[in-house]
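Asker: Turn this into a model:
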Amino acid sequence: MPLLSIIIVNYRVPYFLEQCLQSIRVAARGLEVEVIVVDNASGDESIEYLQPRFPEVRFLESKTNLGFGRASNWGFQESSGEYTLFLNPDTLLSEESLRGPLQFLQASPRAGASGIKMIDGTGKFLPESKRAFPDPITAFYKIIGLSRLFPRSPRFARYHLGHLSAEANQVVDVVSGAFFLVRRTVLQKVGVFDEQFFMYGEDVDLSYRIQQAGYANQYFAEAAILHFKGESTQKQNLRYVRLFYGAMSQFVRKHQLHNGLFTAGIQGAIGLRALASLMRRTIQRIGVPVLDGLLILASFFLVRAVWSGVVRPDVLYPTDLRLSTALYASLFFLSTVFTGLYRAPFRWKYLFRATLLSTGVVLVIYSLLPESLRYSRGMMLFSSLFSSLVLMGWRQILLSMQVINRNHSDHIRFPILVIGSTESLTSIRSLYPEQPAAAFQHLEPGSGSLEELIRSIHALIPIQEIVFSPGELSYRQMLLLMQRLSTQYRFRFHAPGSIQLIYSSFQTANGSTGRGRAD
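Answerer: This is a model prediction of the structure:
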């Protein structure tokens, strides 16, 4: 097997990189591998922490932030492998994720580069594992959301090649920069990353040049890696939007691909995202409860107007009906507050329970009032039901804008399950000195099948979080478990001897997530 050079650019993610390097040790067994880490002026003692733990790794330190492409090129210049893998630090490799793609490239002389199947920190497949080049119509469908509505359409979902199976090896346009395996001879022919791209678009540009040179870009589905990519909240950030779509526009200008039309679409996308960002900040400033209260009040008054003007125009209602409507709306709102609507993180069951109980409270109090104040039971019932429907639609909007979050918070939720050796359980418990032993459950994988392990997990008392510790459980098994259990649990990872757990929404003291690029 030829020498493989692995180039990793680090920027303030020492604990992600620690576990990435640990997984490389496992995946590189039986292979000839050199690992080069380029630190992009992290300033957080990443190298001091990692170098003693990984003496086989070569660390290059930059005094300034070079950007992803320039730092990757520096690492390539210092390497000597016949094949080069540009790898993000916020990844975990499975046992076959190096050998498999390498053999695949060796068996395909016209294949210039290869990506790989990727899943995120929740166990879900990452569609950017396989992508098309961003022509204007493809970008337009992605910008307006049609690719999300029709994820398997060869037309609307072309950006992520949604019509191609994620479980089969495929020829694709773009290889993701998170795992970009390429022949050295190809890079010597077409050039390395274009350093004009600071953070995004450099993988698209290099993939395009490889394809233009007559090589095929491949997607390898027979092995997988875990990629703790930037969270969706980061993706809603206006700065991210400008950088990402700006890089796509830069790519189109460079290669003269429908420049005017595409640039107009890019500016439109940035404008829409800016508007969404402004709306989100406004909502967060005003407060969701205040807006909920206004929506409930408006709903009650709308039903009152329709009821008195259309449903029962024959009834002469008192002049103080407006005041009583406002009072009932206030009662409904206060009932939702005290029945758990604003419990975090958001759950649909909280909303259903709160609105159901609030409707009951309004009707019960209505029935206890004097006859002179009971104007219409039907009006009160439909006002409450309509308010519930409005709140449901409003919550869906808030979720799509990510003003509220229905995922777990960043805090550990006990009890948690540790899957690994007894020694790993002891190490993980030591990270939480104030927690009693009863806060943890332990499961050793043993020699059973994956199905047996899943049954063992389900047989335990209710848990919400699982901590994986590599050892008896292989990385491949961990990734398969995550994909099977992704809708039920939250996952954390611990490397032997590490002082930190990592997980999908982990942030350092500097606020950096494990995106692996220079933010």
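Asker: Scan the chain for its longest strand.
Answerer: For the chain, the strand with the greatest residue count under DSSP state E is strand 216-227.
Asker: What pairs with that strand, parallel or antiparallel?
Answerer: strand 91-93 (antiparallel), strand 111-119 (parallel), strand 170-172 (antiparallel) (DSSP bridges).
Asker: Using a markdown table, lay out the ones you listed together with mean pLDDT and mean neighbour count.
Answerer: Just so you know, the C-beta spots here come from the backbone N, C-alpha and C atoms, and that holds for glycine as well. Shown next, in a markdown table, are these (pLDDT from 0 to 100; neighbours: other Cβ atoms under 10 Å):
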| stretch | mean pLDDT | mean neighbour count |
| --- | --- | --- |
| strand 91-93 | 97 | 27 |
| strand 111-119 | 96 | 26 |
| strand 170-172 | 95 | 18 |
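Asker: So for Tyr141, which of those sits nearest?
Answerer: Among those, strand 170-172 comes nearest to Tyr141, with 17.4 Å by Cβ to Cβ.
Asker: What lies in contact with the closest one?
Answerer: With contact meaning Cβ atoms under 8 Å, 6 or more residues apart in numbering, strand 170-172 is reached by 115, 130-132, 161, 164, 216-219, 221.
Asker: between these, which is nearest Gly177?
Answerer: For the contacts of strand 170-172, the nearest to Gly177 is Gly115 (9.2 Å; Cβ to Cβ).
Asker: From Val175, how far out is that closest one?
Answerer: Going from Gly115 to Val175 by Cβ to Cβ, to the nearest Å gives 4 Å.
Asker: Please apply the same query to Glu34.
Answerer: Separation of Glu34 from Val175 (Cβ to Cβ) stands at 21 Å.
Asker: What of Gly293?
Answerer: Counting by Cβ to Cβ, the gap from Gly293 to Val175 is 50 Å.
Asker: Name the residue in those two with the higher neighbour count.
Answerer: Neighbours were counted for Gly293 and for Val175 using other Cβ atoms under 10 Å; Val175 has more, 29 against 18.
Asker: My guess is the more buried one contacts Ser207. True?
Answerer: Yes. Distance between Val175 and Ser207: 5.1 Å, which falls inside the contact criterion (Cβ atoms under 8 Å).
Asker: Common neighbours of these two, please.
Answerer: By Cβ under 8 Å, 6+ apart, Val175 and Ser207 have these common neighbours: 113, 217.
Asker: Check what pLDDT Gly309 gets.
Answerer: pLDDT for Gly309: 81.
Asker: how far away is it from Leu302?
Answerer: Taking Cβ to Cβ, one finds Gly309 at 11 Å from Leu302.
Asker: Please apply the same query to Leu351.
Answerer: Leu351 is 20 Å from Leu302, by Cβ to Cβ.
Asker: Can you tell me what sits against stretch 146-162?
Answerer: Contacts for stretch 146-162 (Cβ under 8 Å, 6+ apart): 127-128, 130-132, 134, 138-139, 141-142, 163, 170, 172-173.
Asker: 10 Å instead, please
Answerer: For stretch 146-162, contacts defined as Cβ atoms under 10 Å, 6 or more residues apart in numbering pick out 126-135, 137-145, 163-166, 170, 172-174, 219, 400.
Asker: Counting neighbours, which bits of that stretch end up buried?
Answerer: Residues of stretch 146-162 classed as buried by neighbour count (16 or more other Cβ atoms under 10 Å): 146-147, 156-162.
Asker: Show me which pair in those residues is furthest apart.
Answerer: Leu146 and Leu161 (14.7 Å).
Asker: Could you list the low-pLDDT ranges of the stretch 151-300 of the chain?
Answerer: 198-199, 230-250, 252-253, 255-278, 281, 284-285 (pLDDT under 70).
Asker: Helices of that one, start to end?
Answerer: Taking DSSP state H, counting those that start in this stretch as the criterion, the stretch 151-300 of the chain carries its helices at 184-190, 202-212, 232-235, 238-255, 259-286, 288-306.
Asker: same question, the stretch 401-519 of the chain
Answerer: Using DSSP H, counting those that start in this stretch, the helices of the stretch 401-519 of the chain run over residues 422-430, 450-459, 475-485.
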